[in-house]
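Trainee: Pasting a predicted model and its sequence here:
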Amino acid sequence: KRRDVVKIASIFAAFFLLASISTALSEEQPKQPSDNDETPETVTTTLPSSQTCEADDDRQECKNPEADSDNNESSDQGKSKSEAGVRLVTREELSNHSGRNGSEIWLSILGEVYNVTAGKSYYDYEKGSYGAFAGTDCTLCFVSGTFTQEEADKSSEEIQDSQLAGIFDWRDFYAGHDTYNFIGYLIDPRYYDETGRLTPSMIKLRDRMKVAMEEVAKKRAENEKKRAEMKKKLEEKRKKKAEAQKNKE
């Protein structure tokens with residue numbers, strides 16, 4: 001029995017020795033290149049918006065293949081921008097986005113251009129209730145209710161102080177909308193110049209608007225105070241009536 005045990009142990013020792021030698025030999029063999037290995041010179045990564053970034057050492061260049069397409073309306077390539085990097089839109093470019101011939105629908109208010117294509121049922125140039133706004137800046141139209149080109153072409157000086165708060169509310173409506181996207185500033189003597197700076201006319205309008213909004217806030221505070229006082233008086237009147245009814249019983 002002792003000889004059998006020694007024989008079995010010798011067999012296992014020999015087996016483990018052969019396995020160790022085989023492993024050592026395999027580690028000394030050079031690794032064969034794989035077709036899936038990335039080369040160190042260039043690594044290509046897919047990014048959102050169809051962009052491709054090529055990383056070469058410490059340099060990284062991002063290219064957008066769609067930007068070279070003449071039919072891509074969302075591309076800013078070749079478009080003028082303000083010093084702050086905001087896109088600038090000419091009146092001609094704005095007029096070309098009225099929904100005609102399948103184009104997007106843009107409108108402008110206070111010289112801020114928005115893409116309202118998502119609301120086509122409202123801004124359709126033929127059937128929409130606000131079709132007159134498509135492809136133009138009709139700031140005054142929002143509060144005057146007159147949807148004509150003559151009204152759209154009026155200067156900012158013709159906007160009455162009492163209309164400024166309403167215009168500002170409409171501007172906030174578009175600026176905070178979930179599906180209407182901001183495009184850029186309109187190059188128009190009433191609002192922004194060719195560099196994206198405020199024109200003297202716009203500076204005056206903003207100053208007037210600031211005063212008008214302060215006045216609106218003051219009136220709202222006064223109205224809130226009056227409503228609170230009226231509510232208090234009604235509550236006191238109700239209590240007196242309830243007490244009188246209780247004493248009567």
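Mentor: Here it is on my side, so go on.

Trainee: Do you have the helices of this structure handy? List them.
Mentor: With helices called from DSSP state H, the chain shows them at 2-28, 91-95, 120-123, 141-144, 149-152, 161-175, 200-248.

Trainee: Out of these, indicate the one that is most buried.
Mentor: Neighbour counts (mean count of other Cβ atoms under 10 Å) averaged over each of these peak at helix 141-144, with a mean of 20. All C-beta atoms are positioned from the backbone trio N, CA, C, and that covers glycine.

Trainee: which strands and helices sit next to it?
Mentor: On a contact count with 3 or more Cβ pairs under 8 Å, 6 or more residues apart in numbering; DSSP states H and E, helix 141-144 meets helix 149-152, helix 161-175.

Trainee: Go again with 10 Å.
Mentor: Other helices and strands packing on helix 141-144, by 3 or more Cβ pairs under 10 Å, 6 or more residues apart in numbering; DSSP states H and E, are strand 106-109, helix 149-152, helix 161-175.

Trainee: can you tell me the average pLDDT over that helix?
Mentor: Rounded to a whole number, the mean pLDDT of helix 141-144 is 94.

Trainee: Stretch 149-166 now?
Mentor: For stretch 149-166, the mean pLDDT works out to 91.

Trainee: quick one, what contacts Val86?
Mentor: 112, 182-185, 192, 196 (Cβ atoms under 10 Å, 6 or more residues apart in numbering).

Trainee: actually Asp161, sorry about that
Mentor: Residues in contact with Asp161, defined by Cβ under 10 Å, 6+ apart, are 208-209, 211-212, 215.

Trainee: repeat for Ser95
Mentor: Ser95 touches 106, 134-136, counting by Cβ under 10 Å, 6+ apart.

Trainee: Considering these, which is situated nearest to Ala175?
Mentor: The nearest member of the contacts of Ser95 to Ala175, counting by Cβ to Cβ, is Trp106 at 14.5 Å.

Trainee: The closest one touches Arg100, doesn't it?
Mentor: No. Under the criterion of Cβ atoms under 10 Å, Trp106 is not in contact with Arg100, lying 11.9 Å apart.

Trainee: and for the two, which residues touch both?
Mentor: The contact sets of Trp106 and Arg100 overlap at 134-135 (Cβ under 10 Å, 6+ apart).

Trainee: Between the two, tell me which one has more neighbours.
Mentor: More crowded of Trp106 and Arg100, by other Cβ atoms under 10 Å: Trp106, with 30 against 13.

Trainee: which regions of the protein sit below the pLDDT cut-off?
Mentor: 1-83 (pLDDT under 70).

Trainee: about what we covered before: let me know which of the helices and strands packed on helix 141-144 is the nearest to Met230.
Mentor: Comparing these by Cβ to Cβ, helix 161-175 comes nearest, at 23.9 Å.

Trainee: Not counting sequence-adjacent ones, nearest residue to Ser156?
Mentor: The shortest distance from Ser156 to any non-neighbouring residue, by Cβ to Cβ, 6 or more residues apart in numbering, is to Leu205 (4.5 Å).

Trainee: Let me have the helices and strands packed on helix 141-144 in TSV, extended by distance to Val89.
Mentor: Shown next, in TSV, are these (distance: least, Cβ to Cβ, whole Å):
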stretch	distance to Val89
strand 106-109	8
helix 149-152	15
helix 161-175	14
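
Trainee: tell me which of the contacts of Asp161 is nearest to Leu234?
Mentor: So of the contacts of Asp161, ranked by how close each gets to Leu234 (Cβ to Cβ), first place is Glu215, at 28.6 Å.
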